[in-house]
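*Asks:* Structure, please.
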Amino acid sequence: TSIIAIESLESNFSFTQILNNKLQIKELTVEKGYVNLEIYKDSTNFTTIINYFNPKKDKKGKKSNILTLELNRIELKQNELKIVDHTYKHHNKGVDFSDLAITEFSAIFDDISLDSTMQANISNFSLKEKSGLIIQKLDTEASYGSKSMEFKNLYLATNKSILQDYLKLEYDSIESFGNFINDVHVKANLRSSKISSNDIEYFAPDLRKVVFEAAIQKANLSGTVANIVAKNVQLSTAKNTELLGAFTIKGLPKINSTVFNFNIKKLKTSAKDVDYLVAKLSDQKTFKLPQQLSSFDDVIFNGSFVGLYNDFNVNGNFNTALGNLATSTKINIKNPLSYNGNISSDHFFVGTLIDNNTINSTAFNLKFNGSGLKIDDLSLKFDGNINNISLQNYTYEKLLLTGNLDKKILDLKGQIVDNNLDLNFTSIID
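*Replies:* Modelled structure (predicted):
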């Protein structure tokens, strides 16, 4: 098997420094080239060639003068590259960095520096890898060293994603990419970007069950995929969801034990988007919030969200089409759905929510503990104050209320406090 084959090679040499053991290649163009690198425990299939050109030490133990190489510009057109490292076990889950098969590899490298940290301006970089990964276009000022890769003024378009601005990858060695999720540290300043989990999956195959797409207006990211920190985030996802704030996500790709901590300046979403996002993120065929919540229309929230995707604490304020809500609530959306906490509002159309036209707007402050949402499986305990409740065109000043709903039976105890009525009552409704 050939290790190197080139259909077309053009070069522009300068020999002005040849007596100083320096060869300058001003421009090198390689078209439809092929390189096959095989790596073994103690050698490669290039070892013989390397030894041939490597100067031997003289009798005094000193090396002969070494011819240094200076490259100014390289243009690659439709090349192929195969790299197989036989010291690693291979896999077919995403990109296997020990078994690469690259085709349609084209790029232009300018202002090349071949020091301990290699640098170049890269433009029109594109390739396909056998895993299915496609780099459609890469333009950047790049540097590569034994511990990091850095990409300034970045534009990277892959299968379904676009990253722009700045990216740095830090690692102990190139082998760290074999465990990208935990061992490669990411620093990124993103602007006008788009991320698809399908593309992340090429590097982190265990994320295949966590599906998402997001348009990122801006974000500062740091950490690993397994422990990511995001600041100054402005993004949109699904059909009508927008997020402004900061967050940490720790534990991916194990979604059932991943802890989300969101500090949200503004979250705009809807019941339909929540249904869609929860199903995608949790690998469920469908997820459905109670139909009543669709009457909220677009919801705007500011506050915090901390916990697992299906068992979390929400603290903050909601602005909905039916009124404002403030809450501190623990919610578990596993089957059966359960919740407990406190909720209050100074103005809310309860009647619209429960489809009862005898109740208009009201204010309230309630503690609650319950499970289920449909009347057949609803179990709920609550107590607190309901103020300024409008019933059939009359507004009562205050209602002190304790209730228990279980097995379709509602047990109510309370007191109506009003200028025209002071009434204690007990009621059981079946």
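
*Asks:* Could you pull up phi and psi at residue 210?
*Replies:* Backbone torsions of residue 210, given as degrees, to the nearest 10, read phi -110, psi 100.

*Asks:* neighbours of it, just the number please.
*Replies:* By other C-beta atoms under 10 Å, 20 other residues sit near residue 210. Just so you know, the C-beta spots here come from the backbone N, C-alpha and C atoms, and that holds for glycine as well.

*Asks:* residue contacts, it?
*Replies:* By C-beta atoms under 8 Å, 6 or more residues apart in numbering, the contact set of residue 210 is 197, 252-253, 255, 281, 283.

*Asks:* let's see 7 Å
*Replies:* 197, 252-253, 255, 281 (C-beta atoms under 7 Å, 6 or more residues apart in numbering).

*Asks:* What does the pLDDT read for it?
*Replies:* If you check residue 210, the pLDDT there is 79.

*Asks:* Quick check: the gap between it and residue 85.
*Replies:* Using C-beta to C-beta, to the nearest Å, residue 210 is found at 29 Å from residue 85.

*Asks:* where along the stretch 101-250 of the chain do the helices fall?
*Replies:* 180-183, 197-200 (DSSP state H, counting those that start in this stretch).

*Asks:* Compile those helices into a markdown table and extend it with columns for mean pLDDT, mean neighbour count and distance to residue 396.
*Replies:* Compiled in a markdown table, the helices of the stretch 101-250 of the chain are given as follows (pLDDT from 0 to 100; neighbours: other C-beta atoms under 10 Å; distance: least, C-beta to C-beta, whole Å):
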| stretch | mean pLDDT | mean neighbour count | distance to residue 396 |
| --- | --- | --- | --- |
| helix 180-183 | 90 | 17 | 58 |
| helix 197-200 | 90 | 20 | 51 |
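
*Asks:* Please convert the ones you listed to a markdown table, extending it with distance to residue 408.
*Replies:* A markdown table is the format used below for the helices of the stretch 101-250 of the chain (distance: least, C-beta to C-beta, whole Å):
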| stretch | distance to residue 408 |
| --- | --- |
| helix 180-183 | 48 |
| helix 197-200 | 42 |
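
*Asks:* Surely residue 427 and residue 409 touch.
*Replies:* No - the pair residue 427 / residue 409 is not scored as a contact, 11.0 Å apart, by C-beta atoms under 7 Å.

*Asks:* Which other helices and strands does the helix or strand harbouring residue 399 contact?
*Replies:* Element membership of residue 399, judged by DSSP states H and E, is strand 394-406. Judged by 3 or more C-beta pairs under 7 Å, 6 or more residues apart in numbering; DSSP states H and E, strand 394-406 is in contact with strand 379-391, strand 409-418.

*Asks:* Go through the ones you listed and pick out the most buried.
*Replies:* Mean neighbours per residue, mean count of other C-beta atoms under 10 Å, is largest over the helices and strands packed on strand 394-406 for strand 379-391, with a mean of 17.

*Asks:* got the angle for that one vs strand 394-406?
*Replies:* Taking axes from the mean of the first three to the mean of the last three C-alpha atoms, to 10 degrees, one finds strand 379-391 and strand 394-406 inclined to each other by 170 degrees.

*Asks:* contact partners of strand 379-391?
*Replies:* 358-372, 395-406.

*Asks:* Quick one: buried ones out of these?
*Replies:* When neighbours are counted using 16 or more other C-beta atoms under 10 Å, the contacts of strand 379-391 contain these buried positions: 359-364, 366, 368, 370, 372, 396, 399, 401, 403-405.

*Asks:* Return the member of those residues nearest to residue 276.
*Replies:* Proximity of the buried ones among the contacts of strand 379-391 to residue 276 was ranked by C-beta to C-beta; the top entry is residue 372 with 22.6 Å.

*Asks:* Am I right that the closest one is in contact with residue 378?
*Replies:* Yes - Residue 372 is within contact range of residue 378, at 4.5 Å (criterion: C-beta under 7 Å).

*Asks:* For residue 182, list the residues it contacts.
*Replies:* Going by C-beta under 7 Å, 6+ apart, residue 182 touches 224, 226.

*Asks:* Relative to residue 176, how far out is it?
*Replies:* Distance from residue 182 to residue 176, counting by C-beta to C-beta: 9 Å.

*Asks:* what about residue 29, distance to residue 46?
*Replies:* Using C-beta to C-beta, one gets 22 Å for the distance from residue 29 to residue 46.

*Asks:* if we can go back for a sec, dump the helices and strands packed on strand 394-406 into JSON lines; add mean pLDDT and distance to residue 270 as well.
*Replies:* As requested, these are exported to JSON lines (pLDDT from 0 to 100; distance: least, C-beta to C-beta, whole Å):
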{"stretch": "strand 379-391", "mean pLDDT": "86", "distance to residue 270": "25"}
{"stretch": "strand 409-418", "mean pLDDT": "87", "distance to residue 270": "30"}
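
*Asks:* Which one of the ones you listed lies nearest to residue 328?
*Replies:* So among the helices and strands packed on strand 394-406, strand 379-391 is nearest, using C-beta to C-beta, at 13.3 Å.

*Asks:* Could you list the low-pLDDT ranges of the stretch 51-200 of the chain?
*Replies:* Along the stretch 51-200 of the chain, the model assigns pLDDT under 70 to residues 51-67.

*Asks:* Strands of that one, residue ranges please.
*Replies:* 68-71, 73-85, 99-114, 118-129, 134-144, 148-157, 162-170, 185-196 (DSSP state E, counting those that start in this stretch).
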